[in-house]
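Chemist: pasting the sequence and the predicted coordinates here, then a few questions.
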Amino acid sequence: MKILDAFPRLLLGACALALPLAGLCAPPSKTQQIERGRYLVTIGGCNDCHTPGYGASGGKVPEKEWLTGDTLGYSGPWGTTYATNLRRLVAGMSEQQWLAMAQHQPMRPPMPWPALRAMSARDLAAVYHFIRWLGPRGGDAPPYLPPGTAPRGPAAVFPAPPGS
């Protein structure tokens, strides 16, 4: 009798852990996707670069200000990059475009693109839905500057690796 009592829990556990990967369970609700996306953005460190003042404030930036891009440059042998306003970027993309970009588009340092590409399509979709839920806000980050071009404004400078 105890095995029969435990069966519903075992089935729910299998659905939560394994069956979604096989497409056999209902997809997550919009609310679940947004919550999962919020969690992934938070633990993935997206705010560290894409939210102005996040690191300096110890993460005490209101969520309504998250992911609006930054004017702090990251300068190194690759040139100078600026963290994109993800909210404006995603506002103009379909989920499929976001997945293609996140999984295949080359990105410049210091973007941790190997970690982004290692995320499952389901997790990337959750990030997409969270950013869409936040809605567009803010302006565009400054454009990329090629090597040898001085950064505009403040920049974190990464020296070339020794021997390069």
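Modeler: Now that the structure is in, tell me what you want to look at. All values derive from a computational prediction rather than experimental measurement. Numbers count the residues shown, from 1 in each chain.
Chemist: okay, now the unreliable bits of this protein?
Modeler: Within the chain, the segments meeting pLDDT under 70 span 1-24.
Chemist: if I pick the closest residue to Glu65 other than its chain neighbours, what's in contact with it?
Modeler: Sequence neighbours aside, Thr51 is the residue nearest to Glu65 in space, at 6.5 Å (criterion: C-beta to C-beta, 6 or more residues apart in numbering). Where you see a C-beta, it was placed from the backbone N, CA and C, and this is true even at glycine. Neighbouring residues of Thr51 by C-beta atoms under 8 Å, 6 or more residues apart in numbering: Val61, Glu65, Trp66, Leu67, Thr68, Asp70.
Chemist: buried stuff in stretch 46-63?
Modeler: Residues of stretch 46-63 classed as buried by neighbour count (16 or more other C-beta atoms under 10 Å): Cys46, Asn47, Cys49, His50, Thr51, Pro52, Tyr54, Val61.
Chemist: after the one helix or strand the second one maps to comes which helix or strand?
Modeler: With elements taken from DSSP states H and E, the one containing Asn47 is helix 46-50. Later in the chain than helix 46-50, the nearest helix or strand by DSSP H and E is strand 73-76.
Chemist: check contacts around Pro114.
Modeler: Contacts for Pro114 (C-beta under 8 Å, 6+ apart) come out as none.
Chemist: from Ala102, how far off is it?
Modeler: Distance, Pro114 to Ala102, by C-beta to C-beta, to the nearest Å: 12 Å.
Chemist: show the contacting residues for Arg88.
Modeler: Contacts of Arg88 (C-beta under 8 Å, 6+ apart): Gly69, Pro136, Arg137, Gly138, Gly139, Asp140.
Chemist: and what of Leu116?
Modeler: By C-beta under 8 Å, 6+ apart, the residues touching Leu116 are Ala102, Met107, Leu124.
Chemist: save these as a markdown table, and put in distance to Trp78, neighbour count and secondary structure too.
Modeler: What follows is the contacts of Leu116, written out as a markdown table (distance: C-beta to C-beta, whole Å; neighbours: other C-beta atoms under 10 Å; DSSP: H, G, I helix; E, B strand; the rest coil):
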| residue | distance to Trp78 | neighbour count | secondary structure |
| --- | --- | --- | --- |
| Ala102 | 20 | 19 | helix |
| Met107 | 10 | 15 | coil |
| Leu124 | 24 | 20 | helix |
